[in-house]
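**Q** For reference, the sequence and a predicted model appear below.
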There are 2 protein chains.
Amino acid sequence: VHVALGRGAEFDAIRRLLARWGDSARGIGNDTSALDVPPGHRMVASTDTSVEGVDFRREWLTPSEIGYRATAAALSDLAAAAASPLGVLLAITVPTNWREALEGVADGAGQAARAAGATVLGGDLTAVTGPGMLALNVTVLGSVPHPITRTGARVGDHVYVTGVIGGPARALRAWLDGTDPQPADRARFARPAPRIREAQWLAERGARAAIDVSDGLVADVGHIAAASGVRIAIDLGLVPRVSGVTAIDAAQSGEEYELAVIAPGGIDVSDFAAAFGIPLTDIGHVTEPASTRAGAGVETYCDGKRVDPPGGYDHFSS
Amino acid sequence: VHVALGRGAEFDAIRRLLARWGDSARGIGNDTSALDVPPGHRMVASTDTSVEGVDFRREWLTPSEIGYRATAAALSDLAAAAASPLGVLLAITVPTNWREALEGVADGAGQAARAAGATVLGGDLTAVTGPGMLALNVTVLGSVPHPITRTGARVGDHVYVTGVIGGPARALRAWLDGTDPQPADRARFARPAPRIREAQWLAERGARAAIDVSDGLVADVGHIAAASGVRIAIDLGLVPRVSGVTAIDAAQSGEEYELAVIAPGGIDVSDFAAAFGIPLTDIGHVTEPASTRAGAGVETYCDGKRVDPPGGYDHFSS
């Protein structure tokens, strides 16, 4: 635990964080935390940084939502591997103008970890003198017997997407336009739900590749196509989307943290909806292996006609 | 892998990092990386952030040294647990004025990981528009059958310290005074050596508690005393120090990344020196359990007389 807050303040800050995280912060106080990987499981790990001005703006979210969102976004990478979360490590860089919000941020991060069944294993605080941007780095550790990757898509497989797409992008658009987002859109942006159990359900039913939707659905399915060396066709008209959002906008909405999953056809989407209260939608399939004639990638269709693929989600900073 | 550099630049940056890290970056391209924990081992994890202006200044170090130092400092937490490094996750926040230095930083981080036998498992780049401070977050994963913690010190145990103390603090002092540090001091600051194998050697010989010296030797031994509920006496005159540094300065020199280890007496320090080319020095012992009369803590002696403990190392920002 590296804390450059000065002697007294250092321990005060750690104590405040401990009080927020409660029993889940068992590792804090040692520089390392130990955990056990279940027999037969592999460990999976991912790290993700949320920076003010790049990933969020202060006026959009409460401190607790900032912590929750950063942690849920990182946990979403475990979902994409169909892994069970074991632990979370939080590193927070805190400029002077964020000191008062630190407890709220830590509180939200702890909530997101607990909601996913993860323990807060440790933390690292760096106090920066003077005003600046808050940065939260979240490293997530999980385990799974056979991690799902992006490389397993095969010709004939189907493309499934969890949930309903388009809310976060519309919330972002509202904020950038200077208006308040609709509450449901705002909630999807502020407290995304990593699809942990949903991914495990799909893995049990033969899922072969997966990714969480962070760059935009078409762009992220494109990452699977590239990694698997295949071509994938998506029917944009089938993309499940919130009311009032176009298919194109939904297809490029980023930071959804829904999952795009490649699996053999025939998954029972009604069973999925009954189990999790969100839809699972078949939106396309893997058409052919990549070749010299047609490289790996995604073809998009609308009403049966081929259309140009929408661009990816470039975050609001670019 | 979250990269907010925009489409083309995103892949260029990842490609550059991959070229630097080479085969050790096997996980990049998936959002998660999988690794195997040896049977009978526990996983240990730690996260550590190095921020420009808090942990280093740009004019002091090359980009490669900045990456090396941040990574070695994080790996030092694994050494304190006597763990074997398995993997490293790097999250780099890159403002515009640091873009050109990114390859060098990544190069140095990869060197430090390889030197410790760790794989670079994955990365995360966040580009910040406009000038700002570079921040590197390094999460380290390792494994060990029985992690050494801070809680195992028992009355009668001895306090050992690896290496020779005082160089990094003197380098820092020189920079803050506007002069160039001596080359040996500078090297100790720029490329610290995590004492991985040394810790394992000591663990095999019964080490019961350990910490890496980051806040200052006396302050860090104080963390062990507090966690173990004991009182510890250190003879400052015995602290191994670089020529020209006082015992007091050595005792509060931070960011040494040497180890303070509590172990039963009788460790063969000559064997240690022969094995690793650095000294191992017995500087004190655990005197009594903490009590209502005398709480957990460190007593310092010089020439047999009790002296006030030197303060901890408060980093150069405070």
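**A** Thanks, I have the structure now. Residues are numbered from 1 along each chain as shown, chains lettered A, B, ... in the order given.
**Q** Every contact and neighbour count from this point should use C-alpha atoms.
**A** Noted.
**Q** So what's the residue count around the residue in the stretch 101-250 of chain A that chain B sits nearest to?
**A** Across the stretch 101-250 of chain A, the shortest distance to chain B (C-alpha to the nearest C-alpha) belongs to residue A:124, at 6.0 Å. Residue A:124 has 24 neighbours, counted by other C-alpha atoms under 10 Å in any protein chain shown.
**Q** So it lies in a strand, does it not?
**A** Yes. Under DSSP: H, G, I helix; E, B strand; the rest coil, residue A:124 sits within a strand.
**Q** Not counting sequence-adjacent ones, nearest residue to it?
**A** In space, and not counting its chain neighbours, residue A:124 is closest to residue A:91: 4.4 Å by C-alpha to C-alpha, 6 or more residues apart in numbering or on different chains.
**Q** Now the one helix or strand residue A:222 maps to: average pLDDT?
**A** Per DSSP states H and E, residue A:222 falls inside helix A:217-228. For helix A:217-228, mean pLDDT is 95.
**Q** Check stretch A:126-140 too.
**A** On average, stretch A:126-140 scores 92.
**Q** and if you look at stretch A:92-99?
**A** The model assigns stretch A:92-99 a mean pLDDT of 93.
**Q** close enough to count as contact, residue A:54 and residue B:125?
**A** No. Between residue A:54 and residue B:125 there is no contact under C-alpha atoms under 8 Å: 11.5 Å.
**Q** Comparing the two, which residue is more hemmed in?
**A** Counted by other C-alpha under 10 Å, residue A:54 and residue B:125 do not tie: residue B:125 has more neighbours, with 23 against 18.
**Q** so what's the more buried one bridging to?
**A** residue B:3, residue B:92 (DSSP bridges).
**Q** That one is in contact with residue B:99, isn't it?
**A** No. Here residue B:125 lies out of contact with residue B:99, judged by C-alpha under 8 Å, at a distance of 10.9 Å.
**Q** pLDDT below threshold where in chain A?
**A** A:1-30, A:311-318 (pLDDT under 70).
**Q** which residue ranges form the strands in it?
**A** A:33-35, A:42-51, A:84-95, A:119-128, A:135-144, A:158-162, A:209-212, A:230-235, A:259-263, A:280-289, A:297-302, A:305-307 (DSSP state E).
**Q** Go through these and pick out the most buried.
**A** Stretch with highest mean neighbour count among the strands of chain A: strand A:209-212 (a mean of 30; mean count of other C-alpha atoms under 10 Å in any protein chain shown).
**Q** That one pairs with which strands?
**A** Applying DSSP bridges, one finds strand A:209-212 paired with strand A:259-263 (antiparallel).
**Q** quick one: the strand it pairs with to helix A:217-228, angle?
**A** Interaxial angle, strand A:259-263 versus helix A:217-228 (axes from the mean of the first three to the mean of the last three C-alpha atoms, to 10 degrees): 40 degrees.
**Q** How about residues contacting strand A:259-263?
**A** By C-alpha atoms under 8 Å, 6 or more residues apart in numbering or on different chains, the residues outside strand A:259-263 that reach it are A:80, A:153, A:157-162, A:195, A:199, A:206-213, A:217, A:220-221.
**Q** and if we set it to 7 Å?
**A** A:80, A:153, A:157-162, A:206-213, A:221 (C-alpha atoms under 7 Å, 6 or more residues apart in numbering or on different chains).
**Q** How about stretch A:57-76?
**A** Under C-alpha under 7 Å, 6+ apart, the answer for stretch A:57-76 is A:47-48, A:50, A:52, A:101, A:104-109, A:111-113, A:138-140, A:190-195, A:212, A:257.
**Q** Would you mind checking these for buried ones?
**A** The neighbour count (16 or more other C-alpha atoms under 10 Å in any protein chain shown) marks A:47-48, A:50, A:52, A:104-109, A:111-113, A:138-140, A:190-195, A:212, A:257 as buried among the contacts of stretch A:57-76.
**Q** Can you list which of those are found in helices?
**A** Among those, the residues falling in helices (DSSP state H) are A:104-109, A:111-113, A:190.
**Q** got the residues you listed as JSON lines, with distance to chain B columns?
**A** Shown next, in JSON lines, are these (distance: C-alpha to the nearest C-alpha, whole Å):
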{"residue": "A:104", "distance to chain B": "20"}
{"residue": "A:105", "distance to chain B": "17"}
{"residue": "A:106", "distance to chain B": "16"}
{"residue": "A:107", "distance to chain B": "19"}
{"residue": "A:108", "distance to chain B": "19"}
{"residue": "A:109", "distance to chain B": "16"}
{"residue": "A:111", "distance to chain B": "20"}
{"residue": "A:112", "distance to chain B": "19"}
{"residue": "A:113", "distance to chain B": "16"}
{"residue": "A:190", "distance to chain B": "18"}
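**Q** TSV please, covering those and showing distance to residue B:261.
**A** TSV is the format used below for these (distance: C-alpha to C-alpha, whole Å):
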residue	distance to residue B:261
A:104	37
A:105	35
A:106	32
A:107	34
A:108	37
A:109	34
A:111	36
A:112	36
A:113	33
A:190	45
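**Q** Report the angle between the longest helix seen in chain A and strand A:259-263.
**A** Assignment by DSSP H gives helix A:63-80 as the longest helix of chain A. On the basis of the same axes, to 10 degrees, helix A:63-80 is oriented at 10 degrees to strand A:259-263.
**Q** Could you list the alpha-carbon positions for helix A:63-80 in PDB?
**A** The C-alpha trace of helix A:63-80 is given here as PDB (Å, rounded to 0.1, in the frame of the first residue of the first chain):
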ATOM      1  CA  PRO A  63     -18.400  10.200  -6.200                       C
ATOM      2  CA  SER A  64     -20.000   6.800  -5.300                       C
ATOM      3  CA  GLU A  65     -21.200   6.400  -8.900                       C
ATOM      4  CA  ILE A  66     -17.700   7.200 -10.200                       C
ATOM      5  CA  GLY A  67     -16.300   4.400  -8.000                       C
ATOM      6  CA  TYR A  68     -19.000   2.000  -8.900                       C
ATOM      7  CA  ARG A  69     -18.800   2.600 -12.600                       C
ATOM      8  CA  ALA A  70     -15.000   2.200 -12.800                       C
ATOM      9  CA  THR A  71     -15.100  -1.000 -10.800                       C
ATOM     10  CA  ALA A  72     -18.100  -2.500 -12.700                       C
ATOM     11  CA  ALA A  73     -16.400  -1.700 -16.000                       C
ATOM     12  CA  ALA A  74     -13.300  -3.600 -14.900                       C
ATOM     13  CA  LEU A  75     -15.300  -6.500 -13.600                       C
ATOM     14  CA  SER A  76     -17.000  -6.700 -17.000                       C
ATOM     15  CA  ASP A  77     -13.700  -8.000 -18.500                       C
ATOM     16  CA  LEU A  78     -14.000 -11.000 -16.200                       C
ATOM     17  CA  ALA A  79     -17.500 -11.500 -17.400                       C
ATOM     18  CA  ALA A  80     -16.200 -11.600 -21.000                       C
END
